[in-house]
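Engineer: The sequence and its predicted three-dimensional model are supplied below.
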Amino acid sequence: MDVNNDRVGVRGSSPAPAYEPPPPAEESRPPVWGWASRAAANLLVLFALGALGYWGWQTGWKLPRFSEATGAAPEKSDDWCEEHGVPESVCVECNPDLLPRPKAPGWCKVHGVHECLWEHPELAQTKATPKVTPAAVERADRALHFAERPENNPKCKLGLRRIQFQSADDLARVGIDVELVKEGPVVEAVAANGEITYDPTRVAALAPPVAGRVWRVYRELGQAVKKDEVLALVDAADVGKAKAEFLQALAQIDVRAKTVDRLKPLAGPAVAGAQLQEAEAALREAQIRLVAAQQALVNLGLPVNADDLKKLPPEEVGRRVQFLGVPDAVARTLDAGTTTANLIPVRSPLDGVVVARKAVAGEQADPAKPLFQVADNRQMWLTLNVRQEDAALDRASDEAKLAAGKPVRFRPEGAAQEVVGEVVWVSTAVDEKTRTVQVRADLANPDGRLRDHTFGAGRVILRQEKQAVVVPSEAVQWDGNCTVVFVRDKDFFRDGAPKVFHTRTVRVGAKDGPTTEIIAGLLPGEVVASRGSGVLRAELLKNNLGEG
């Protein structure tokens, strides 16, 4: 080491100082007071949570009372019923004598409600006891057994509850409206999307029976036509050939018949029997040829009676065969000297409207390519695609929900009114892709308003009632065990009377738009909470939580 140092010194360089690592910074070592402060903060949070839990346990974790929602705070805390949100001195639940309960009839096994007004109409909240007619009871039973209805739990106690307000003004304050229970029409139906189309049995695609050229067109797109009316004339060479063969066969019969008639009186030694037989055979051959030619014209849609033509002069026979199949009104407009005998008419087989036209004068006509399409749109088809479960058998009656004869109502897209029809066919198969069942109905269309390939929404009517008990749908509430409505006490507006709504279990039926059918539990003339009835339901559930 000394030698090296001396050698370095000789070179004139000062010796390098030895390396000393820097001392650790004080900031990198957490002080004791920082850890203690964080521990203290955690302890404070735990203490606060514990204090909050102790306070909640002491106070019973009470939820806000209904009175706080209505804004009716008590002036004297010693006369306030915390449980029911009204002064204790007027609380009908704490003081049953203020509004005595009638004798409870118990559970009705027939209609599935706690207070069956069909059997106990005196329980209705009306000024006078309503009269229950056998027809009304029968109507309710019919609705109850028509289909499966939501059931109430017999152990549900909500029907024994009453909700009390401090004043009548509290209704408006919490946003509760009321509606009168009344009788009205209801419709129970199966809804399905559908399409309107032409009746295929009333649509005809028209083309000439043989190839040719369109000679003249008489009808345009959208024009109404009558059965057997000529839509166009086609010039077809095969038609002229068939007419010519018919005329030749007709003339040949005439000649050979005259030959036979001439030979018959001469039959005997003067005339050999073989000659007469040959003449008769030739006549029969001509007759067969005439029948074949006549049948060829019939196959072309040009029926002709040879016997009628045999009595006419040859010129008249030629004219008639030339315009065979052409109506006289059209034939009179044609010049026999310049008009071809190859013409064959394209006729409409039914009354209707020309819904498609591809015929153009001078173009080729082919039997495989229709020139016109005529549709009788006075009756249309409606095809509905019904869900498989809606087309199943009714479990309550074990009968088909959908059957021929059921009324159908259909609203085309963009239309203001529904059209009515009747089910005529229900498919026996389920579509493999959509899993729906096709249901077809006939729709009358006398004014032609319905159009082919129109989509829309339809309903197959399963049941209709003109005088069912109905309420607004928003008046009906479900708590998980039973369906309830809130019925206003009949003395609600009497001075000094408690402002009470009775909770009533009901059995609901069909839901038809904004209204719901009540099978049992209400009678016409009672008043129920409609808009805002959910507030009353929330109060019931809150009280249930408090009891639990």
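Structural biologist: All right, it came through fine.

Engineer: Give me the three-state assignment for residue 129.
Structural biologist: coil (DSSP: H, G, I helix; E, B strand; the rest coil).

Engineer: residues touching residue 430, list them.
Structural biologist: 388, 436, 437 (C-beta atoms under 8 Å, 6 or more residues apart in numbering). Bear in mind the C-beta positions are built from the backbone N, C-alpha and C, glycine included.

Engineer: mind checking how far it is from residue 133?
Structural biologist: Distance, residue 430 to residue 133, using C-beta to C-beta, to the nearest Å: 44 Å.

Engineer: got the domain boundaries for the chain?
Structural biologist: Structural domains of the chain, as assigned by automatic domain parsing, span the residue ranges 106-188+464-547, 190-201+376-463, 202-231+345-374, 237-341.

Engineer: Turn those into CSV, columns for mean pLDDT and distance to residue 42.
Structural biologist: Shown next, in CSV, are the domains of the chain (pLDDT from 0 to 100; distance: least, C-beta to C-beta, whole Å):
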stretch, mean pLDDT, distance to residue 42
domain 106-188+464-547, 90, 33
domain 190-201+376-463, 90, 59
domain 202-231+345-374, 95, 84
domain 237-341, 86, 103
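
Engineer: can you put those in TSV and add distance to residue 96?
Structural biologist: Rendered in TSV, the data for the domains of the chain read as follows (distance: least, C-beta to C-beta, whole Å):
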stretch	distance to residue 96
domain 106-188+464-547	10
domain 190-201+376-463	41
domain 202-231+345-374	73
domain 237-341	94
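
Engineer: Which of the ones you listed sits closest to residue 86?
Structural biologist: domain 106-188+464-547 (5.1 Å; C-beta to C-beta).

Engineer: Any idea how far that closest one is from the middle of the chain?
Structural biologist: When C-alpha coordinates are averaged (C-alpha atoms, centre = their mean, to the nearest Å), domain 106-188+464-547 and its chain have centres 30 Å apart.

Engineer: same thing with stretch 438-452?
Structural biologist: 15 Å.

Engineer: What separates the first and last residues of that stretch, distance-wise?
Structural biologist: With C-alpha to C-alpha, to the nearest Å as the measure, the ends of stretch 438-452 fall 18 Å from one another.

Engineer: For stretch 229-239, buried residues please.
Structural biologist: 229, 230, 231, 232, 233, 234, 235, 236, 238, 239 (16 or more other C-beta atoms under 10 Å).

Engineer: So the nearest residue to residue 143 once chain neighbours are set aside: helix, strand or coil?
Structural biologist: The shortest distance from residue 143 to any non-neighbouring residue, by C-beta to C-beta, 6 or more residues apart in numbering, is to residue 509 (4.6 Å). Of the three states, residue 509 takes strand under three-state DSSP.

Engineer: next one: residue 152
Structural biologist: Assignment for residue 152 (three-state DSSP): coil.

Engineer: Now do the contacts for it.
Structural biologist: Contacts for residue 152 (C-beta under 8 Å, 6+ apart) come out as 112, 113, 114, 481, 482, 483, 505, 507.

Engineer: one more time with 6 Å, if that's ok
Structural biologist: The neighbours of residue 152, taking C-beta atoms under 6 Å, 6 or more residues apart in numbering as the test, are 112, 482, 505.

Engineer: sorry, back to before: what's the farthest-apart pair in the buried residues of stretch 229-239?
Structural biologist: Top of the distance list for the buried residues of stretch 229-239 (C-beta to C-beta): 229 and 238, 23.7 Å.

Engineer: Excluding chain neighbours, give the residue nearest to residue 102 in space.
Structural biologist: Closest to residue 102 by C-beta to C-beta, 6+ apart is residue 123, at 6.0 Å.

Engineer: Give me the neighbour count for that neighbour.
Structural biologist: The local packing of residue 123 (other C-beta atoms under 10 Å) involves 19 other residues.

Engineer: Residue 116 is in contact with that one, correct?
Structural biologist: No. Residue 123 lies out of contact with residue 116 (C-beta atoms under 6 Å); the separation is 8.6 Å.

Engineer: and the residue nearest the centre of the chain, backbone torsions?
Structural biologist: Among the residues of the chain, the one closest to the centroid is residue 192, at 2.4 Å (C-alpha atoms, centre = their mean). Backbone geometry at residue 192, expressed as degrees, to the nearest 10, gives phi -160, psi 150.

Engineer: Tell me if I'm right that it and residue 386 touch.
Structural biologist: Yes. With contact defined as C-beta under 6 Å, residue 192 counts as touching residue 386 (4.4 Å).

Engineer: so where does residue 540 fall, helix or strand?
Structural biologist: Assigned by DSSP states H and E, residue 540 belongs to helix 533-547.

Engineer: before we move on, the earlier item: want to throw the buried residues of stretch 229-239 into CSV with distance to residue 344 and secondary structure?
Structural biologist: As requested, the buried residues of stretch 229-239 are exported to CSV (distance: C-beta to C-beta, whole Å; DSSP: H, G, I helix; E, B strand; the rest coil):
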residue, distance to residue 344, secondary structure
229, 15, coil
230, 10, strand
231, 12, strand
232, 10, strand
233, 7, strand
234, 5, strand
235, 8, strand
236, 5, coil
238, 9, helix
239, 5, helix
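
Engineer: Whichever strand in the chain runs longest: which residues count as buried?
Structural biologist: In the chain, taking DSSP state E as the definition, the longest strand is strand 454-472. If you call a residue buried by 16+ other C-beta under 10 Å, then strand 454-472 has these buried ones: 454, 456, 458-463, 465, 468-472.

Engineer: which of those residues sit farthest apart?
Structural biologist: 454 and 469, at 37.1 Å, using C-beta to C-beta across these.

Engineer: In contact with residue 452, which residues are there?
Structural biologist: 197, 198.

Engineer: SS state for it?
Structural biologist: Secondary structure assignment for residue 452 (three-state DSSP): coil.

Engineer: Kindly provide the distance from it to residue 381.
Structural biologist: Distance of residue 452 to residue 381, given as C-beta to C-beta: 9 Å.

Engineer: ditto for residue 213
Structural biologist: Residue 213 is 36 Å from residue 381, by C-beta to C-beta.

Engineer: ditto for residue 110
Structural biologist: 44 Å.

Engineer: So between these two, which is more surrounded?
Structural biologist: Taking other C-beta under 10 Å, residue 110 and residue 381 do not tie; residue 381 has more neighbours (22 against 13).
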